[in-house]
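*Asks:* I would like the atomic coordinates for the input below:
(3 chains)
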Amino acid sequence: MPDPLITIFERLKRHFGQSRWWPAETPFEVVVGAILTQNTAWTNVEMAIANLKTADVLCPRKLRDLPRLRLEELIKPSGFFRQKATYLHHFCDLLVEQFDSDVNRLCHGPLDDVRRRLLAIKGVGAETADSILLYAAQRPSFVVDAYTRRIFTRLGLLQGKESYETIRRMFMAAVPQSVALYNAYHALIVQLAKTFCRKKQPQCSGCPLLGGCPYGQQADERLAEGRPA
DNA sequence: GCCCAGGTGGGTA
DNA sequence: TACCCACATGGG
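*Replies:* As a prediction, this is how the structure comes out:
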C-alpha cells in the first residue's frame, strides 16, 4: 500500500503533467524571489523583480550597494518593503562578504548544517530556507507553504496545527529524497492550489483529488444531484 | 471597502 | 512552546 502522499503526487502528476519549476533565471534571483514572496502574491513579486532588472541591480554586489531608500522604492510593489529591504541587504552583505557572492557556495556542505546556516540569517525562515535549498541550490529539502498546509488539511492528512518542521518531516519521510521529486511535488501543489484550492474556494469541482477531499466530495454530491458544484 | 496572497521576527505568558 | 502582532502592496 503506497503512502497517501505518493498516491496524491501521482494523481497530481497525471492531471497536470510533469512540472519542474521556480520562475527565476539565476540562483540569486530565486533568493530574491523567495524573500519578496513572503506572505505576498507572486504577481506583486513579479513587479518588484521587473523593477530590479530594469534598474540592472539584480546581483548581490549591486543590490548590497544600493541605497536603502532606492531599494525600498524598487521593491515597493511586493509589500512589506521596509522589512524586505532590510532582509535583502542583510542577505547580500553576508553573501558578498563571506561566500564570494555565490549562492551555491553558501549552500555547500551537509544539508542540515546548511539549513541551520540559512535559518540563522535574519529574514530567512523555514520556508524561505527550503526554497533556497531546493530551487537555488538544487538540494533535496522539501518546501512547505500555506498551500501545502491548506490542501493536506482539507484532505484530512493534516490536522492543521502541525508545525512547519513536522509537516516537512512527514513529506521527507514519505517521498524519496530527490531534488526532482521535491521540485515537482511542490510545483504541483502550487498549481493545484491556484486552480482548485484557494482559501475561499471550498467547492472544487474538477479537482484531480476529488473524492479524497471533503470539499471535493460535497462538489461530487452536488454534481450527482444535478446541481452546480 | 473588504478579503486575500507561496512568512518572519519580536514580544509575552 | 504557543500564541499574538506588525509589517504593506495590488488584484478580485
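
*Asks:* Angles on the backbone of the closest residue to DNA strand C within chain A, please.
*Replies:* Relative to DNA strand C, the nearest point of chain A is A:Gly79 (2.4 Å; Cβ to the nearest atom of the strand). The C-beta positions use only the backbone N, C-alpha and C, and glycine is treated the same way. Per-residue torsions, A:Gly79: phi 80, psi 170 (degrees, to the nearest 10).

*Asks:* What is the end-to-end distance of stretch A:49-64?
*Replies:* From its first residue to its last, stretch A:49-64 covers 15 Å (Cα to Cα, to the nearest Å).

*Asks:* Enumerate the residues of chain A near DNA strand B.
*Replies:* A:22-23, A:34, A:37-42, A:44, A:79-80, A:83, A:121-129, A:131, A:135, A:143, A:145-147, A:164, A:190, A:193-194, A:198-200 (Cβ under 7 Å from any atom of the strand).

*Asks:* Restricted to helices, list the residues you listed.
*Replies:* Under the assignment DSSP state H, the residues of chain A next to DNA strand B contribute A:34, A:42, A:44, A:83, A:126-129, A:131, A:146-147, A:164, A:190, A:193-194 to helices.

*Asks:* Contacts only, for the residue of chain A closest to DNA strand C.
*Replies:* By Cβ atoms under 8 Å, 6 or more residues apart in numbering, A:Gly79 lies in contact with A:39-40, A:44.

*Asks:* surely A:Lys199 meets A:Arg150?
*Replies:* Yes - counting by Cβ atoms under 8 Å, A:Lys199 touches A:Arg150, with 7.1 Å between them.

*Asks:* With neighbour numbers in mind, choose between those two.
*Replies:* Neighbour count, other Cβ atoms under 10 Å: between A:Lys199 and A:Arg150, A:Arg150 has more, with 17 against 9.

*Asks:* How many neighbouring residues does the nearest residue to A:Cys204 once chain neighbours are set aside have?
*Replies:* Nearest residue to A:Cys204, sequence neighbours excluded (Cβ to Cβ, 6 or more residues apart in numbering): A:Phe196, at 4.0 Å. Neighbours of A:Phe196 under the rule other Cβ under 10 Å: 22.

*Asks:* Next, the contact list for A:Phe196, please.
*Replies:* By Cβ under 8 Å, 6+ apart, the contact list for A:Phe196 reads A:204, A:206-209.
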